[in-house]
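K.L.:
With the input below, show me the fold.
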Amino acid sequence: MFHRLGDDGDHDDEWTGDDFDDDPSPIMMPMFGDPEMRRVASAINDWNLFRLRERTQRVLLDSADQLISHALRAAPYRIAGARRPRDPAGDGEPWQLLHQAMRHRDIGWDHLLSGPLTVPMPGLPTASGERSRFRDEVRRQLEEFRRRRPILDPLVVPLKITILVVPPEQGKDLDNIALDVLPTAHEVLKPHVEPWLLAPTFGEIGEHREKALRRMRSINAQSVTTYQVIELQRIPEDPEAGLLRLALGRGDQYDSFWTETYDLVRKRVYRI
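P.N.:
The predicted structure follows:
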């Protein structure tokens, strides 16, 4: 299978050969008649497709991370326990502008909670008997997300999950949320702690890679590399049952958003 170039130098719109389930790579190798050459060309095509999927997933998950960073930096007062600035109260244009500025800072959280790589979850269980139903609904939502985002299936970059929680009006012990959500996320999304070990090979597996694969078999390699829980303050628009969202991000960036935000503020202070 290969992408031919027309005689006039323009790309021909036609793809020839067997179809691939994945989106085709912009660089494909032609299939030759010789069996060995076909094997090599097929391995190169598989590698190109793997690398294309990897680069695409990195860009998408980087963008999702930026949504979280922006929300934290623009409106950190939405975090539970933080003091929210008083809303401007007064008449006239200055007060209206201040109110609009405050609303603009809050929009970052709205974008994050409804982002394309943020998975909506069911309302938090308020009674012990609702926990099983809650887990079933978590699985259904994750499976629907995977169906709607085929570019993330399979995942070929490490995954980070940020659990965003708005507690119910009557309050909720949030300690068990990760225990309820993460195992199902592992089963449905199938992240891998070192997915580059799954990349196509061009022949025999080297000694270093074989040792790494044996190490992976001895641990739970199907897992996110890191997760964090962010509890948000309730606002009047929040539903009575609260909100729960899973925001996906790149798991090979081990600094937390808190560290990144602290470093950014410190650099800016030192410039003054």
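K.L.:
just the strands in the stretch 1-150 of the chain please.
P.N.:
2-5, 11-16, 118-120 (DSSP state E, counting those that start in this stretch).
K.L.:
where does the stretch 151-272 of the chain have low pLDDT?
P.N.:
Low-confidence segments of the stretch 151-272 of the chain (pLDDT under 70): 171-173, 203-206, 209, 212-213, 216, 218, 253-272.
K.L.:
And the helices in it, which stretches?
P.N.:
Assigned by DSSP state H, counting those that start in this stretch, the helices in the stretch 151-272 of the chain fall at 177-189, 207-217, 257-271.
K.L.:
What residues of the first one count as buried?
P.N.:
The reference is to helix 177-189. With burial defined by 16 or more other Cβ atoms under 10 Å, the residues of helix 177-189 counted as buried are I177, D180, V181, L182, T184, A185, H186, V188, L189. (C-beta placed from N, C-alpha, C; glycine too.)
K.L.:
mind listing what the residue nearest to E240 when sequence neighbours are not counted touches?
P.N.:
Leaving aside its sequence neighbours, E240 sits nearest to E169 (Cβ to Cβ, 6 or more residues apart in numbering; 5.2 Å). Under the criterion of Cβ atoms under 8 Å, 6 or more residues apart in numbering, the neighbours of E169 are R234, E240, G242.
K.L.:
Same question for F145.
P.N.:
V119 are the contacts of F145 under Cβ under 8 Å, 6+ apart.
K.L.:
quick one on the thing from earlier: which of the contacts of E169 sits closest to L152?
P.N.:
Set against L152, the nearest of the contacts of E169 by Cβ to Cβ is G242 (26.4 Å).
K.L.:
Ranked by average pLDDT, which of the strands of the stretch 1-150 of the chain falls at the bottom?
P.N.:
Mean pLDDT is lowest for strand 2-5 among the strands of the stretch 1-150 of the chain, at a mean of 31.
K.L.:
looking at the sheet around the spatially most central residue of the chain, what are its partners?
P.N.:
Closest residue to the average C-alpha location of the chain: L248 at 2.3 Å, with Cα atoms, centre = their mean. With DSSP bridges as the criterion, L248 is bridged to I161.
K.L.:
thought it was touching L112?
P.N.:
No. Checked against Cβ atoms under 8 Å, the pair L248 and L112 is beyond contact range at 11.5 Å.
K.L.:
Need the overlap of contacts for the two.
P.N.:
With Cβ under 8 Å, 6+ apart as the test, L248 and L112 both reach T118.
K.L.:
got a list of what the residue nearest to D106 when sequence neighbours are not counted touches?
P.N.:
Leaving aside its chain neighbours, D106 sits nearest to A75 (5.4 Å; criterion: Cβ to Cβ, 6+ apart). Going by Cβ under 8 Å, 6+ apart, A75 touches R105, D106, G108, W109.
K.L.:
Just among these, which is most surrounded?
P.N.:
Counting by other Cβ atoms under 10 Å, W109 has the largest number of neighbours within the contacts of A75, with 23 neighbours.
K.L.:
who touches the closest residue to L159 other than its chain neighbours in this structure?
P.N.:
In space, and not counting its chain neighbours, L159 is closest to P191: 3.7 Å by Cβ to Cβ, 6+ apart. Contacts for P191 (Cβ under 8 Å, 6+ apart) come out as L155, P158, L159, A185, Q222, S223, V224, T225, G251.
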